[in-house]
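Visitor: Here's my sequence, what's the structure:
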Amino acid sequence: MKNPSLRRAAIALAACAAVAGSVNVWVEARGAARIRSLDGVSDADAVIVLGARVYSDGSVSPMLADRLDTALALYRARKAPRILVSGDHGTEAYDEVNAMRRYLEGHGVPAEHIFMDHAGFTTYDTLYRARDVFGVRRAVVVTQRFHLSRSLFVANALGLDADGVVADRRPYTLRSLVRSNVREVGARVKAAVQTLATPRPRYLGPRIPIGGDGRVTRG
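Guide: Below is the predicted model:
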């Protein structure tokens, strides 16, 4: 390459790609080490269900249904006495957490055992708030495999004693899997930076002990 500027740009780009690749390998390996089977996971304070798409009629998407069904299996196996559902409820028009609550209640979970985090806008916010707002110390995190290693990396970096269970209970479309896995490349780098800088989430608020009555989180 004869142009010095282009050569320097190419070198810089290659260096950035190498760093991003190394960070991805590190985050994936650290998180994957805490993935367990449903039967092999230890007892916890709560199962944390990470939010995903909810449709305009209030029904949950297939990926979110799989996360909730996995949480139900853990709850019924007495792996945790509480379920913390966390997601985006930034507007009245879009509400992941109440849709998740209704799904769980419809499958027999008592309302007092379901806690809602209305400000779980990101994985990092969810896990930070699980620790500082809800007082969770030992958790089981539930999400799809592509997302789980990063979630566990963040949880344990924040001081939670967290294992995870994969919620892949059905085949997903190739398009959704490709999009999700591509997005994870940048998300893992961001997660590594966040766990080093530990910024506060957008919202915190008063303590709501996870051992209490989840109905206080209704809203």
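Visitor: going forward, measure contacts between C-alpha atoms and count neighbours the same way
Guide: Will do.
Visitor: Give the full set of residues in contact with the most centrally placed residue in the chain.
Guide: Closest residue to the average C-alpha location of the chain: residue 50 at 4.0 Å, with Cα atoms, centre = their mean. Residue 50 sits next to 67, 85-87, 123, 126, 141-143 when contact means Cα atoms under 8 Å, 6 or more residues apart in numbering.
Visitor: Can you give me the distance of it to residue 20?
Guide: Look at residue 50 and residue 20: by Cα to Cα, to the nearest Å, they are 25 Å apart.
Visitor: Residue 173 too?
Guide: For residue 173, the distance to residue 20 (Cα to Cα) stands at 27 Å.
Visitor: the bottom helix or strand of this structure by mean pLDDT?
Guide: Sorting the helices and strands of the chain by mean pLDDT, DSSP states H and E puts helix 4-32 at the bottom, at a mean of 75.
Visitor: Identify the residue spatially nearest to residue 137, adjacent ones excluded.
Guide: Taking Cα to Cα, 6 or more residues apart in numbering, and ignoring the residues beside it in sequence, residue 137 has residue 160 as its nearest neighbour in space, at 5.3 Å.
Visitor: And residue 42, by the same measure?
Guide: Nearest non-adjacent residue to residue 42 (Cα to Cα, 6+ apart): residue 79, at 6.8 Å.
Visitor: ok, the one you found touching residue 48?
Guide: No. In this structure residue 79 lies outside contact range of residue 48 using Cα atoms under 8 Å: 11.9 Å.
Visitor: and the two? which has more neighbours close in?
Guide: residue 48 (29 against 22; other Cα atoms under 10 Å).
Visitor: would you say the more buried one is within a strand?
Guide: Yes. Looking at residue 48 with DSSP: H, G, I helix; E, B strand; the rest coil, it is inside a strand.
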